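J.: this one's structure only:
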């Protein structure tokens, strides 16, 4: 019994993990089905657009601005060791657009939006508001999940685009104001180096990350336990799952977009 206990625990954990993957996959498919079929709740969708998009702009903008500035300083410092300081505009642009912009926006959305969605829906479950929706012949997933996931799917790429621009401008401000770069030459090098594929990949990552962030918030909110402890656990688990899945998806998407 003692020798098989570790294997039993490993098997139990593996089966639990696979069961969770299956539940999330079925939840995602059901969400896509509800998005594609009527009825549509325009008011909930508009509220989600405002909450996920407009109200996230300050934290996204500040994060991108300081990251772009810090990236310029780091690249200049590292490039000085090889007399390659001139590559700062190119590396800041490609680093922000391909990688840092989408990932940082995705993680900020996971921290701000995923937690909010999970706490809101979990509280509704605890207070039996979801049961009330069923009593009123309203499908909870169609009313709560579909608008939020669709809004994140559409608005997070826009946030990524804004974050990319602000991040590049953060590098521009630091490079021209502190490091002695010519403003016109910096902008020209940035524009010449970026390609359409870089921008499209950044927006595609934003859409995937937005879908993941909203989906995890809805999934853990819908499946939360009862009481205040259940709400807290759902909120914590949703952010953890969203952050890990966003980083994993980033790795996979980077391999797909840039290894061909």
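T.: The structure has been received and is ready for your questions. Since the structure is predicted, the reported quantities are computational estimates derived from the model, not experimental observations. Numbering: from 1, shown residues only.

J.: What separation is there between residue 259 and residue 253?
T.: Plainly put, residue 259 is 11 Å away from residue 253 if you go by Cβ to Cβ, to the nearest Å. All C-beta atoms are positioned from the backbone trio N, CA, C, and that covers glycine.

J.: When these two are compared, which one has more neighbours?
T.: A side-by-side neighbour count of residue 259 and residue 253, using other Cβ atoms under 10 Å, places residue 253 first with 16 against 6.

J.: what sits against the residue nearest to that one when sequence neighbours are not counted?
T.: Spatial nearest neighbour of residue 253, excluding adjacent residues (Cβ to Cβ, 6 or more residues apart in numbering): residue 205 at 5.5 Å. Each residue near residue 205 by Cβ atoms under 8 Å, 6 or more residues apart in numbering is listed here: 102, 103, 106, 160, 249, 250, 253.

J.: State the helix or strand in which residue 205 lies.
T.: helix 196-222 (DSSP states H and E).

J.: How far does that helix sit from its chain's centre?
T.: In terms of Cα atoms, centre = their mean, to the nearest Å, the centre of helix 196-222 is set 5 Å apart from its chain centre.

J.: same question, stretch 166-185
T.: Here stretch 166-185 is found 27 Å from its chain centre; the criterion is Cα atoms, centre = their mean.

J.: what does stretch 103-118 give?
T.: The answer for stretch 103-118 is 6 Å, by Cα atoms, centre = their mean.

J.: Need the distance between the two termini of that stretch.
T.: Distance between the two ends of stretch 103-118: 21 Å, counting by Cα to Cα, to the nearest Å.

J.: Model confidence for residue 17, exactly?
T.: The score at residue 17 is 82. That number is its pLDDT.

J.: Equivalent analysis for the one 10 residues further on, please.
T.: According to the prediction, residue 27 has pLDDT 91.

J.: Report the separation between the residue nearest in space to the middle of the chain and residue 259.
T.: Closest to where the C-alpha atoms of the chain average out (Cα atoms, centre = their mean) is residue 106, at 2.3 Å. Note on residue 106: its distance to residue 259, by Cβ to Cβ, is 20 Å.

J.: just residue 164 next, same as before
T.: Taking Cβ to Cβ, one finds residue 164 at 21 Å from residue 259.

J.: how about the contacts of residue 205, which pair is most distant?
T.: 160 and 249 (13.4 Å; Cβ to Cβ).

J.: and stretch 105-114, how far apart are its ends?
T.: 12 Å.

J.: meant to ask about stretch 80-98
T.: 24 Å.
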